[in-house]
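J.: Need a 3D model of the sequence below.
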Amino acid sequence: MPESNIDLPIVSIIVPCYNEEGTIVELLTSIDAQDYPQELLEIIIADGMSEDRTREKINRFIETHSNLAVQLIDNPDRSIPQALNEAIAASSGDIILRLDAHSVPNEDYISRCVQVLEQTGAANVGGIWMIRPGADTTVAKSIANAAAHPLGAGDARYRILGEAGPMETVPFGAFRRAWLEKIGPFNEKLLSNEDYEYNVRIRQAGGVVWFDPEIKSVYFARPTLMALARQYWRYGYWKAQMLRRYPRSVRLRQLIPPVFVLSLLFLTLASPFFGYVRTLLAVELGFYSLVTIASALIEAWKRKNLSLIVSFPLAILVMHLSWGSGFLVSIGKINMGRKE
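T.: Take a look at the predicted model:
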């Protein structure tokens with residue numbers, strides 16, 4: 001951080017939020033601990049009318065931290081893109097920085113974002129997710145490991161580390177307001193994958209989305225397999241809706257889960273009638289099991305946790321099946337003319 005604050009921009013931190021009583025105070029505390037001047041920060045939380053103690057905890061934090069400008073606004077539709085748009089409209093900063101209510105940025109997160117925006121001239125910058133378990137259970141730990149593993153994350157540099165440089169998308173993101181005004185609002189018809197779609201529009205308009213591994217934040221993964229399944233179903237479903245709008249943005253890693261699910265479905269249905277199909281199904285399941293179990297053994301050895309041998313492949317399977325199924329259902333609706 002430079003010693004003088006004269007030339008530093010105001011940063012507006014926008015946070016979509018719903019039922020995050022377990023992590024919202026940790027997020028706000030981490031913002032309070034940032035090395036960026038507090039008088040140049042404002043925080044706008046767009047809450048989807050939380051039904052737990054989230055709002056109570058936010059209001060209590062506001063009362064005890066008058067040094068920070070924190071504003072709580074309502075998002076009754078509980079839509080993430082709408083929450084982002086409403087928070088941006090309520091903000092005044094030259095830089096808009098998105099964070100999620102279940103994330104914890106490093107203490108230099110904001111200053112690093114501002115610095116990288118200045119150095120690169122990028123429209124949006126972001127960094128690495130350090131994924132942590134959402135609960136202190138074996139399943140939660142396996143989910144966190146799976147979400148950060150190439151089998152679960154593909155080649156996404158923000159989950160598996162990588163070199164700084166232009167990228168198709170980054171988590172959260174720190175945007176120049178001028179670019180937000182140029183690109184327009186987040187697409188409120190996309191209830192998930194809205195960030196990826198926004199970065200596609202930025203790149204199509206000639207802007208750069210920049211990844212820097214020194215921009216670090218902790219992200220708490222889903223704590224249960226059921227919550228993981230719902231999350232990845234939603235990811236897959238809305239990814240297909242996004243690709244309908246921008247088919248050239250498709251990546252190989254995005255097609256593997258739906259192809260895997262479709263092949264399992266086809267081979268399972270055809271196996272009672274053809275012996276060679278049963279062989280193909282056995283080979284596919286055998287290869288998949290071999291890869292996931294081998295990866296689980298490596299993870300278990302690295303982390304000194306034998307329970308991962310069972311729970312890690314299960315988490316990977318849930319991710320692939322849920323993402324792929326959501327994608328295929330969405331494609332089916334598109335082909336029947338039922339567009340979101």
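J.: drop to CA atoms for contacts and neighbour counts, all remaining ones
T.: Noted.
J.: Could I get the buried residue list for the host helix or strand of residue 238?
T.: For residue 238, the host element (DSSP states H and E) is helix 225-245. Residues of helix 225-245 classed as buried by neighbour count (16 or more other Cα atoms under 10 Å): 225, 228-242, 244.
J.: all strands of this protein, in order?
T.: Counting by DSSP state E, the chain has strands at residues 11-17, 41-47, 69-74, 95-98, 103-105, 124-132, 165-166, 174-176, 209-220.
J.: Need these in CSV (columns: mean neighbour count, mean pLDDT and distance to residue 249).
T.: CSV is the format used below for those (neighbours: other Cα atoms under 10 Å; pLDDT from 0 to 100; distance: least, Cα to Cα, whole Å):
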stretch, mean neighbour count, mean pLDDT, distance to residue 249
strand 11-17, 26, 96, 26
strand 41-47, 24, 97, 29
strand 69-74, 17, 95, 33
strand 95-98, 24, 97, 23
strand 103-105, 24, 93, 27
strand 124-132, 26, 90, 18
strand 165-166, 15, 91, 15
strand 174-176, 25, 95, 21
strand 209-220, 22, 92, 14
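J.: Of all those, which one is nearest residue 296?
T.: Between residue 296 and the strands of the chain, the tightest spacing by Cα to Cα is seen for strand 124-132, at 17.1 Å.
J.: So which elements touch the helix holding residue 238?
T.: Contacts defined by 3 or more Cα pairs under 8 Å, 6 or more residues apart in numbering; DSSP states H and E place helix 225-245 against helix 138-147, helix 308-335.
J.: got any ranges where this structure has weak pLDDT?
T.: 1-6, 154-162, 337-340 (pLDDT under 70).
J.: run the last query once more with 80
T.: 1-6, 153-162, 252-253, 335-340 (pLDDT under 80).
J.: Tell me what angle the helix holding residue 238 forms with helix 138-147.
T.: The directions of helix 225-245 and helix 138-147 differ by 30 degrees, with axes from the mean of the first three to the mean of the last three Cα atoms, to 10 degrees as the criterion.
J.: Report the angle between helix 225-245 and helix 308-335.
T.: Using the same axes, to 10 degrees: helix 225-245 against helix 308-335 is 40 degrees.
J.: give me every residue that touches residue 210.
T.: The contact partners of residue 210, by Cα atoms under 8 Å, 6 or more residues apart in numbering, come to 120, 122-126, 164-167, 170.
J.: just checking, residue 93 touches residue 11?
T.: Yes. At 4.8 Å, residue 93 counts as touching residue 11 under the criterion of Cα atoms under 8 Å.
J.: can you pull the contacts of residue 54?
T.: 18-22, 24.
J.: These into CSV, with extra columns for distance to residue 116 and neighbour count?
T.: Formatted as CSV, the contacts of residue 54 follow (distance: Cα to Cα, whole Å; neighbours: other Cα atoms under 10 Å):
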residue, distance to residue 116, neighbour count
18, 30, 22
19, 32, 17
20, 30, 19
21, 32, 20
22, 31, 15
24, 26, 25
